[in-house]
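In: Provided below are the primary sequence and the corresponding predicted coordinates.
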Protein chains: 4
Amino acid sequence: MARHQTVAVIGAGDYIGSEIAKKFAAEGFDLFVGRRKGDKLAPLVNEIEATGSTVFARALDARKEGEIVSFLSDADKHAPLEVCVFNIGANVNFPLLDTTERVFRKVWEMACYAGFLAGREAARLMMPHGRGSIFFTGATASLRGGVGYAAFASAKFGLRAVAQSAARELWPKNIHVAHLIIDSGVNTAWVRDRIKEREGQAALDNLDPNRLMPPTSVAEAYWQLYQQPSTAWVFEQEIRPFGEQW
Amino acid sequence: MARHQTVAVIGAGDYIGSEIAKKFAAEGFDLFVGRRKGDKLAPLVNEIEATGSTVFARALDARKEGEIVSFLSDADKHAPLEVCVFNIGANVNFPLLDTTERVFRKVWEMACYAGFLAGREAARLMMPHGRGSIFFTGATASLRGGVGYAAFASAKFGLRAVAQSAARELWPKNIHVAHLIIDSGVNTAWVRDRIKEREGQAALDNLDPNRLMPPTSVAEAYWQLYQQPSTAWVFEQEIRPFGEQW
Amino acid sequence: MARHQTVAVIGAGDYIGSEIAKKFAAEGFDLFVGRRKGDKLAPLVNEIEATGSTVFARALDARKEGEIVSFLSDADKHAPLEVCVFNIGANVNFPLLDTTERVFRKVWEMACYAGFLAGREAARLMMPHGRGSIFFTGATASLRGGVGYAAFASAKFGLRAVAQSAARELWPKNIHVAHLIIDSGVNTAWVRDRIKEREGQAALDNLDPNRLMPPTSVAEAYWQLYQQPSTAWVFEQEIRPFGEQW
Amino acid sequence: MARHQTVAVIGAGDYIGSEIAKKFAAEGFDLFVGRRKGDKLAPLVNEIEATGSTVFARALDARKEGEIVSFLSDADKHAPLEVCVFNIGANVNFPLLDTTERVFRKVWEMACYAGFLAGREAARLMMPHGRGSIFFTGATASLRGGVGYAAFASAKFGLRAVAQSAARELWPKNIHVAHLIIDSGVNTAWVRDRIKEREGQAALDNLDPNRLMPPTSVAEAYWQLYQQPSTAWVFEQEIRPFGEQW
């Protein structure tokens, strides 16, 4: 069932990115996973290798054009790059007046500029194959500039535009570009800490299990996108748990 | 693999509706299929029964509350109603000044009012089960009121609102309401006739096979929606072939 | 400063509709105002006539094609129909399961079907003049199908589609079609009663004056739309008070 | 009729920016106008001064935080900063694969990052006054990532998010933040050259005068936004000529 195709996950964090990697590994793909702090990838690598799949892990500063270029071209050299998932978040909340130019720039570099680089390089490699999938992870802030989100929403709106333009250019080349918007909290340590911080330990202890999305559900959503026939592709979809208010 | 659950398709036309019915039958569901002219359902019934699945066909004027009520309650009596797909179209194009009040009303009754009745009755039956899926078929005109589409877009916008309100009310009850927007022509005799009419026989003969969506792809899209875990449901998605301009 | 042009207001209720009528009367137009219960128009007529302007009031069931036709053609016979404002609301809130087919149909007839009739007839009369403005009042529910709003949102979505199609057909004929979305409560007796009902007398007494929009501000917004040069028309805008959450 | 209030225009180009400046000068405001090449501001300064109004012109690289800070604080020192218009465009079109990281970054710095700086600094100065207006110029690409617009649309989407977040934070402080989307070509030398380039001299000679928006109409739209009562503010509106297809 090995496919001799590579899936690259840029932003292979402990939750969403890892689950995406594991899902595609379980489906027979070889994985290339990157994140800023490469040493944090060890558990993911162990878990994937334990199932007999192939995975290459690398420290990756996705804001550096050269690093993106070599990460993806190495992936494609190993086996044709079939899927590239850009999954870097940079969720910060500052009132507009407290948003420094440094924060604004850095959030954009991580969440938008790096996504542009990844999308462009993946497309470059997929064009000769005449196929491929390029997926971007979006958030509520991809569609709504809320209070305190000038920096984050600006970057996420910007990434969405990259995805749209890329889709309109690349779909006719049989490259499926899609933008998956997660419109809820995801069940991660970071989100649980925020809930504790804002609402207290009791709120966390009594948390409705349906309020936070399990990272595995995000991986499932990407897997669905990947399986869509090219005669009925989806560009964008929002996912949320059934109990979420929207 | 029989599931002892019923799927109801309201608007089981020769193309999209039929393919949805066949897909869910192939997955083990019992089918209830309805359309205005019930005698046209014979080929679909034969095809489904030939595979060993169970299907009940009925002439159904979905604009009549009583008919919707009995169609769906009979479906639920046969076996718990698990999925209800509302798939009635009413695509007409008239300049605003040539749109009679009769056309405006009739298109609304078919494409919006009937959808409200179907959604409400399906919900009524699913509530005691604590589960279910209610799916509505949308179109480009669900999001855009184009030239000549005052009647059709008005009905499709209205149906989308019903779906949204229903989703916000029913998701927390574990009933998945979704709205699938087909943003392209579908490969049907009717669409092919329109192309011939507007662009000539040559255009039809040389038609890019990727310009029109196969009805089976719509069925696949519904099947994906049905399989989504309740922790990551999609309310709305637009599907189009990879070669479509948008 | 009399203009010898007529402005018709369909749905000239005590608040928004009346203020629109008074504003255009003050700007020199002759007014035709209609609402279901014609006797309720007396105070408005008195107020406008006291300023020396001309106003014709009529009981009008806007769901009756014949009544719309004669109301608008009489207006145009008096003096060329320059502006037609469709301002009928039908704000109701029922859970989906408690929405009767009668309510669903009636809300649609008032808020959508009547708007179609008004827009079509106004267009018919304006075409020979080569100019005119057709304005529709929208609401939060024009863009969002919330809990309890299956009927109302469906009708308002439908009206918005009529407005869009009409705009795309009529703008090139120099007829300005626009859709004004009021995304907040308006300061009316009805809204104040709802607040008292839901939040108590104290809430009403301490109401932030900036939470509810004054009906005069809606009239100002329509006046702005009317003044726009045809080289930079707006189709749709949402207005809300500066203190509103959105 | 002098108001002893300042209007700052960042991106006071030959067309839109200049007309905005002239309009507000004609209404009695003192002007601060900035653009990258300061010497190009001479004709605008002459024109405004000839009417007896006050204008300060300055070379301004809006991508430099220090320059924005001093430009706006000098404006506010002269007389309270009442309006700040951010009007820098950076319209480029490159296929995704031909979009260099340098272009992507530069377009963002001009069209998004500079807008963030301008909005934040204007807000900082307006907060103590308890009033003010901050307006951003958008484009078709603010809402749509078309073919060839990965860089430009990404920046314009990002600017729109800044405007949204700013509006949600600042409206309650009585500061009107708005985003004006120009959804058509504007009648400028640059646009006319593009038309000639793409469609030929004949197309340019026979150009429908209603196809391109006059820059004065954009100025009028801003003037309307400025006049709106705070009880009925608009955040976003799209303007287009009556003959435009949309």
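Out: Good, I have the coordinates.
In: So A:Phe235 belongs to a strand, correct?
Out: Yes. Assessed with DSSP: H, G, I helix; E, B strand; the rest coil, A:Phe235 lies in a strand.
In: Now do stretch A:5-12, average pLDDT.
Out: Mean pLDDT, computed over stretch A:5-12, is 98.
In: how about it, does it reach chain D?
Out: No. Stretch A:5-12 does not reach chain D (Cβ under 8 Å from any Cβ of the partner chain); its nearest approach is 15.6 Å. For glycine as for every other residue, the C-beta is placed from the backbone atoms N, C-alpha and C.
In: what does that stretch rub up against?
Out: A:17-18, A:20-21, A:24-25, A:29-35, A:41, A:44, A:57, A:60, A:62, A:68, A:71-72, A:75-76, A:78-89, A:114, A:118, A:122, A:137 (Cβ atoms under 8 Å, 6 or more residues apart in numbering or on different chains).
In: If we use 7 Å, what do you get?
Out: A:17-18, A:20-21, A:24, A:29-35, A:41, A:44, A:60, A:62, A:72, A:75-76, A:78-88, A:118 (Cβ atoms under 7 Å, 6 or more residues apart in numbering or on different chains).
In: Tell me which helix or strand the residue lying farthest from the centre of chain A sits in.
Out: Most distant from the centre of chain A: A:Ala202, at 31.1 Å, with distances by Cα atoms, centre = their mean. Per DSSP states H and E, A:Ala202 falls inside helix A:201-205.
In: Does anything pack onto that helix? Which helices or strands?
Out: Under the contact definition 3 or more Cβ pairs under 7 Å, 6 or more residues apart in numbering or on different chains; DSSP states H and E, helix A:201-205 sits against helix A:189-199.
In: residue ranges of the helices in chain A, please?
Out: Ranges of helices in chain A, per DSSP state H, are A:16-26, A:42-50, A:65-78, A:101-108, A:114-126, A:150-170, A:189-199, A:201-205, A:215-227.
In: Average pLDDT for the longest one, rounded please.
Out: When pLDDT is averaged over helix A:150-170, the result is 98.
In: could you dump that helix to PDB, C-alpha only?
Out: Provided in PDB are the C-alpha atoms of helix A:150-170 (Å, rounded to 0.1, in the frame of the first residue of the first chain):
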ATOM      1  CA  ALA A 150      -5.400  43.400  13.500                       C
ATOM      2  CA  ALA A 151      -2.200  41.500  13.100                       C
ATOM      3  CA  PHE A 152      -3.400  37.900  13.000                       C
ATOM      4  CA  ALA A 153      -6.500  38.500  10.900                       C
ATOM      5  CA  SER A 154      -4.500  40.600   8.400                       C
ATOM      6  CA  ALA A 155      -2.100  37.700   7.900                       C
ATOM      7  CA  LYS A 156      -4.900  35.100   7.700                       C
ATOM      8  CA  PHE A 157      -6.900  37.200   5.200                       C
ATOM      9  CA  GLY A 158      -3.700  37.600   3.200                       C
ATOM     10  CA  LEU A 159      -3.100  33.800   3.200                       C
ATOM     11  CA  ARG A 160      -6.600  33.200   2.000                       C
ATOM     12  CA  ALA A 161      -6.000  35.600  -0.900                       C
ATOM     13  CA  VAL A 162      -2.900  33.600  -1.900                       C
ATOM     14  CA  ALA A 163      -4.900  30.400  -1.800                       C
ATOM     15  CA  GLN A 164      -7.600  31.900  -3.900                       C
ATOM     16  CA  SER A 165      -5.300  33.200  -6.600                       C
ATOM     17  CA  ALA A 166      -3.300  30.000  -6.500                       C
ATOM     18  CA  ALA A 167      -6.500  28.000  -6.900                       C
ATOM     19  CA  ARG A 168      -7.700  30.000  -9.900                       C
ATOM     20  CA  GLU A 169      -4.300  29.600 -11.600                       C
ATOM     21  CA  LEU A 170      -3.500  26.000 -10.600                       C
END
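In: Restricting to C-alpha, output the helix holding A:Ala202 in PDB.
Out: Provided in PDB are the C-alpha atoms of helix A:201-205 (Å, rounded to 0.1, in the frame of the first residue of the first chain):
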ATOM      1  CA  GLN A 201      -9.900  25.800  36.200                       C
ATOM      2  CA  ALA A 202     -13.500  24.900  36.800                       C
ATOM      3  CA  ALA A 203     -14.500  25.900  33.300                       C
ATOM      4  CA  LEU A 204     -11.700  23.800  32.000                       C
ATOM      5  CA  ASP A 205     -12.600  20.800  34.100                       C
END
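In: Contacts only, for the residue nearest in space to the middle of chain A.
Out: Centroid-nearest residue in chain A, with Cα atoms, centre = their mean: A:Asn87, separated by 1.8 Å. A:Asn87 is in contact with A:9-11, A:16-17, A:20, A:137, counting by Cβ under 7 Å, 6+ apart.
In: do the same with A:Ala25
Out: Per Cβ under 7 Å, 6+ apart, neighbours of A:Ala25: A:31, A:48, A:51, A:53, A:55.
In: what do you get for A:Gln237?
Out: Counting by Cβ under 7 Å, 6+ apart, A:Gln237 has contacts A:180-181, B:234, B:237.
In: Show me which of the contacts of A:Asn87 are buried.
Out: A:9-11, A:16-17, A:20, A:137 (16 or more other Cβ atoms under 10 Å in any protein chain shown).
In: Show me the two of those that sit farthest apart.
Out: Spanning the widest gap among these are A:Ile10 and A:Ile16, at 12.0 Å by Cβ to Cβ.
In: Give me the nearest residue to A:Lys196, chain neighbours excluded.
Out: Once flanking residues are discounted, A:Lys196 sits nearest to A:Leu204: 4.6 Å by Cβ to Cβ, 6 or more residues apart in numbering or on different chains.
In: now A:Glu238
Out: Looking at A:Glu238 with Cβ to Cβ, 6+ apart, the closest residue is A:Ile181, at 4.3 Å.
In: Count the residues that sit near the residue nearest to A:Ala163 when sequence neighbours are not counted.
Out: Residue nearest to A:Ala163 in three dimensions, not counting chain neighbours: A:His179, with 4.2 Å by Cβ to Cβ, 6+ apart. The local packing of A:His179 (other Cβ atoms under 10 Å in any protein chain shown) involves 27 other residues.
In: ok, so what distance separates A:His179 from C:Ala26?
Out: Look at A:His179 and C:Ala26: by Cβ to Cβ, to the nearest Å, they are 49 Å apart.
In: so where is chain A shaky, pLDDT-wise?
Out: A:1 (pLDDT under 70).
In: Up against chain B, what does it have?
Out: Within reach of chain B by Cβ under 7 Å from any Cβ of the partner chain, chain A has these residues: A:171-172, A:174, A:210, A:213-214, A:217-218, A:220-221, A:224, A:229-235, A:237-243.
In: on that earlier part again, could you tell me which residues make contact with the residue nearest to A:Ala163?
Out: A:136, A:138, A:160, A:163, A:235-236.
In: Determine which two of these are furthest apart.
Out: Going by Cβ to Cβ, the pair spanning the contacts of A:His179 furthest: A:Gly138 and A:Phe235, at 11.3 Å.
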